[in-house]
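Asks: Build me a model:
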Amino acid sequence: MSAFESGYKAFSVAILTAVICATLNGKEQRAQPVPQWTRFESAFTSSTNYENPVQDVQMEVGFSSPSGKQITVLGFWDGERNWKVRFSPDEIGEWTYRTRATRPEDGGLHNLVGEFQC
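Replies: So this is what the prediction gives:
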């Protein structure tokens, strides 16, 4: 293998690793397509262990429809450090969302963005 090929291979691995790490960090999530009127569900993992999660933090998700309509849905605690949101899209096209938590320092629940196709 030439020096060029070796360098190119190392560069490719570094780029792939960066993409995987960015995806796993959960800052942006892209979900599978969701048919209209069915259930979109997304899971989130809190970066903090709360003594009483239901009372210590609240989470909501703001969805933006393809036409620009804004819908806010409350997330719910799903045990341990796990939270979920469920939503039924009523428009066909690309939806986006952003999470908000009452504890903004919780990077696992606050200010995460994602998108999905309906």
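Asks: Report the contact partners of the nearest residue to D78 once chain neighbours are set aside.
Replies: Closest residue to D78 apart from its sequence neighbours, by C-beta to C-beta, 6 or more residues apart in numbering: K84 at 4.8 Å. The way it works is simple: take the backbone N, C-alpha and C, and place the C-beta from them, glycine included. Shown in contact with K84 (C-beta atoms under 8 Å, 6 or more residues apart in numbering): E41, S42, A43, F44, G75, F76, D78.
Asks: Strands - which of those residues land there?
Replies: Judged by DSSP state E, the contacts of K84 include E41, S42, A43, F44, F76 as members of strands.
Asks: distance of the last one from E91?
Replies: This means F76. F76 sits at a distance of 24 Å from E91 (criterion: C-beta to C-beta, to the nearest Å).
Asks: Now do the helices in the protein.
Replies: Counting by DSSP state H, the chain has helices at residues 3-24, 53-56.
Asks: tell me the mean pLDDT for the shortest one?
Replies: Going back to what we said before, that points to helix 53-56. Averaged over helix 53-56, pLDDT sits at 97.
Asks: So which helix or strand of this structure has the lowest pLDDT on average?
Replies: helix 3-24 (a mean of 41; mean pLDDT, DSSP states H and E).
Asks: circling back to that earlier point, going by distance to G62, which of the contacts of K84 wins?
Replies: For the contacts of K84, the residue nearest G62 by C-beta to C-beta is G75; the value is 11.0 Å.
Asks: That'll do, ta.
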